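Peer 1: predicted coordinates and the sequence they were generated for:
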Amino acid sequence: MKGKFGRSIALVAASSLLAVGMAGIASASPDGGKGSSSTQALAAQVLQMRDGLTKVAYAGDVGATRADLGQMSPVLADIAAGKRYTVQTDTEQLAGLAKGRADESSRLLTDPTAKARQLPPLPLPIPSLPDLPGPLKIVSDLVKALLGAVTGILGGLLGGLPVPPLPVPPLPAPAG
């Protein structure tokens, strides 16, 4: 009798642990999604990359901006491919569009005399951000669109949780 009671308690405890584990996965994936617990880790990585890119781009650091774009591009490609990370289809598509902007920005920073390519439009509005300073002005619209797209990707990865705002420096006071 004591053995059956002990097994019952063990079964209830194991079921509780499984339920808690599944709740964590469910919170990472909105209804109808195909997310997993690794979605939260991916969101943290993408947020760190987005914020790092924002800081170096608005600081006017061309080399660091190009390096950050180079690090971000493969992660966006992985999200877009839907093989390594399991995310919503619209998030995959947005990642593909964002990757195009990251690659084009990097290409233009490598060769400022190159002519910009026409890219497909984003399915979301470009955020109202100040233009990038100095030599980064040539990719200002691309990077602003990329930051908007990556913020949209974060929204998809976080499944309804609020997305932290971009760490954009305050606009300079108008002269005069």
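Peer 2: Thanks, I have it. Numbering: from 1, shown residues only.
Peer 1: going forward, measure contacts and count neighbours with C-alpha atoms only.
Peer 2: OK.
Peer 1: can I get stretch 47-56 as PDB, trimmed to CA atoms?
Peer 2: Output of stretch 47-56 as PDB, limited to C-alpha atoms (Å, rounded to 0.1, in the frame of the first residue of the first chain):
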ATOM      1  CA  LEU A  47      17.900  42.200 -28.800                       C
ATOM      2  CA  GLN A  48      21.600  42.500 -27.800                       C
ATOM      3  CA  MET A  49      22.600  42.600 -31.500                       C
ATOM      4  CA  ARG A  50      20.000  45.200 -32.300                       C
ATOM      5  CA  ASP A  51      21.000  47.500 -29.400                       C
ATOM      6  CA  GLY A  52      24.700  47.000 -30.200                       C
ATOM      7  CA  LEU A  53      24.100  48.000 -33.800                       C
ATOM      8  CA  THR A  54      22.000  51.000 -32.800                       C
ATOM      9  CA  LYS A  55      24.700  52.300 -30.400                       C
ATOM     10  CA  VAL A  56      27.600  52.000 -32.800                       C
END
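Peer 1: chain center to that stretch, what's the gap?
Peer 2: Stretch 47-56 sits 10 Å away from the centroid of its parent chain (CA atoms, centre = their mean, to the nearest Å).
Peer 1: what's in contact with that stretch?
Peer 2: If you take CA atoms under 8 Å, 6 or more residues apart in numbering as the criterion, stretch 47-56 is touched by 62, 64-65, 68-69, 72, 147, 150-151, 154, 166-168.
Peer 1: just these now: which is nearest residue 136?
Peer 2: Comparing those against residue 136 with CA to CA picks out residue 62 as the nearest, at 6.6 Å.
Peer 1: ok, now which ones touch the residue lying closest to the closest one once chain neighbours are set aside?
Peer 2: Once flanking residues are discounted, residue 62 sits nearest to residue 136: 6.6 Å by CA to CA, 6 or more residues apart in numbering. By CA under 8 Å, 6+ apart, the residues touching residue 136 are 57, 60, 62, 109.
Peer 1: and the gap between residue 136 and residue 39?
Peer 2: Distance, residue 136 to residue 39, using CA to CA, to the nearest Å: 32 Å.
Peer 1: again with residue 133
Peer 2: Residue 133 is 34 Å from residue 39, by CA to CA.
Peer 1: show me the shaky parts of this protein.
Peer 2: 1-37, 171-176 (pLDDT under 70).
Peer 1: residue ranges of the strands in it, please?
Peer 2: Here the chain has no strands by DSSP state E.
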